[in-house]
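Chemist: Dropping a prediction and its sequence here:
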Amino acid sequence: RGLDLQGVTWFEDPVALARSGEVDCVVELIGGAEGPARETVEAALAAGKHVVTANKALLARHGPALARAAEKAGVALAFEASAAGGIPVVKALREALAGNRISRVYGILNGTCNYILSRMELEGLTFEACLKDAQALGYAESDPTFDVEGFDTAHKLAILTSLAFGTELDAEGVSVEGISAITPLDLRMADELGYRIKLLGVAEATEAGIEQRVHPTMVPKSSAIAQVMGVTNAVTIDTDALRELTLIGPGAGG
């Protein structure tokens with residue numbers, strides 16, 4: 001059965017919705033760094049409305065400006081779902097670990113890539129075959145470039161970096177390499193050495209400053225993050241008081 005929309009107010013223009021006097025909080029799930037998503041969020045903040053967004057591309061490019069707009073308007077800009085989906089890592093970084101000095105944040109931040117690498121390893125399939133299955137299951141877009149070449153992970157990493165180290169978002173400063181060149185032979189050789197290959201986003205404090213990078217990484221099979229298979233995400237945080245605090249959970253979906 002279809003959903004009965006009688007009595008529901010419909011807006012053709014999301015910006016008009018954001019400005020409506022009937023609206024207290026705007027939830028933006030449009031996606032993309034520009035266009036309707038940005039216009040809607042900016043309109044909502046300007047109108048004094050709280051905003052909840054899962055849009056990592058928008059935050060990676062315009063996060064500092066949006067945060068300043070929210071602060072000026074005295075409203076909340078909430079974005080827990082923008083990085084690592086259902087894992088409450090944003091809350092952990094902002095609140096639970098506020099008294100810790102963080103040295104490194106790294107993790108599996110893209111379920112599509114983790115699904116592909118898991119299938120390649122466990123079933124000996126090629127990248128192309130796993131990608132086709134991921135698209136059929138809805139885990140990958142018809143144009144999967146943003147996921148498999150690491151850009152999605154880079155946007156999420158930039159958000160976590162800003163929270164962990166108190167820096168401004170800098171998605172352009174992330175060194176990015178995807179998984180499209182990984183072969184079953186790479187995975188077999190890693191396995192023989194006691195490792196798994198995962199696409200990791202890594203941010204760490206170095207003597208030269210904060211380093212951000214995304215690339216396929218050999219992780220010891222004994223590590224917690226190596227056990228994370230399929231579309232699941234994981235984030236590990238190292239601090240002056242805690243080592244390898246790992247949060248694991250669904251990276252996408254309902």
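Modeler: Ah, there it is. Values in this document were obtained by computation on a predicted structure and should not be read as measured data.
Chemist: Rounded mean pLDDT for the helix or strand that contains A158, please.
Modeler: For A158, the host element (DSSP states H and E) is helix 151-165. Confidence for helix 151-165, expressed as mean pLDDT, is 94.
Chemist: now swap in stretch 49-69 and tell me
Modeler: For stretch 49-69, mean pLDDT is 93.
Chemist: Just the C-alphas of that stretch, formatted as PDB.
Modeler: In PDB, the C-alpha atoms belonging to stretch 49-69 read as follows (Å, rounded to 0.1, in the frame of the first residue of the first chain):
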ATOM      1  CA  LYS A  49      16.400  26.600  12.700                       C
ATOM      2  CA  HIS A  50      18.400  23.600  14.100                       C
ATOM      3  CA  VAL A  51      19.900  21.400  11.400                       C
ATOM      4  CA  VAL A  52      20.700  17.700  11.400                       C
ATOM      5  CA  THR A  53      22.700  16.500   8.400                       C
ATOM      6  CA  ALA A  54      24.400  13.300   7.200                       C
ATOM      7  CA  ASN A  55      26.000  15.100   4.300                       C
ATOM      8  CA  LYS A  56      29.800  14.500   4.600                       C
ATOM      9  CA  ALA A  57      30.500  16.200   1.200                       C
ATOM     10  CA  LEU A  58      28.800  19.400   2.300                       C
ATOM     11  CA  LEU A  59      30.600  19.500   5.700                       C
ATOM     12  CA  ALA A  60      33.900  18.700   4.200                       C
ATOM     13  CA  ARG A  61      33.700  21.700   1.900                       C
ATOM     14  CA  HIS A  62      31.600  24.200   3.900                       C
ATOM     15  CA  GLY A  63      31.700  22.900   7.400                       C
ATOM     16  CA  PRO A  64      33.600  25.800   9.000                       C
ATOM     17  CA  ALA A  65      31.300  28.400   7.500                       C
ATOM     18  CA  LEU A  66      28.200  26.500   8.400                       C
ATOM     19  CA  ALA A  67      29.400  26.000  12.000                       C
ATOM     20  CA  ARG A  68      30.000  29.800  12.300                       C
ATOM     21  CA  ALA A  69      26.500  30.400  10.900                       C
END
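Chemist: which residues are in contact with that stretch?
Modeler: The contact list for stretch 49-69, computed with C-beta atoms under 8 Å, 6 or more residues apart in numbering, reads 18, 23-33, 37-38, 41-42, 44-46, 70, 75-79, 81-83, 152, 154-156, 158-159, 162, 168-169, 171. No exception for glycine: its C-beta is placed from N, CA and C like everyone else's.
Chemist: give me that answer again for 6 Å
Modeler: With C-beta atoms under 6 Å, 6 or more residues apart in numbering as the test, stretch 49-69 has contacts from 25-29, 31-33, 37-38, 41, 44-45, 75-79, 81-82, 155-156, 158-159, 168-169, 171.
Chemist: Please apply the same query to stretch 115-123.
Modeler: Stretch 115-123 is contacted from outside by L125, C130, A134, Y139, P184, L187, M229, G230, V231, using C-beta under 6 Å, 6+ apart.
Chemist: All the strands of the stretch 151-254 of the chain, residue numbers only.
Modeler: Per DSSP state E, counting those that start in this stretch, the stretch 151-254 of the chain carries strands over the ranges 175-176, 195-206, 209-220, 232-239, 245-250.
Chemist: So what touches stretch 138-154?
Modeler: Residues from elsewhere that reach stretch 138-154 (C-beta under 6 Å, 6+ apart): 109-110, 112, 115, 134, 171, 174, 176, 178-180, 201, 214, 231.
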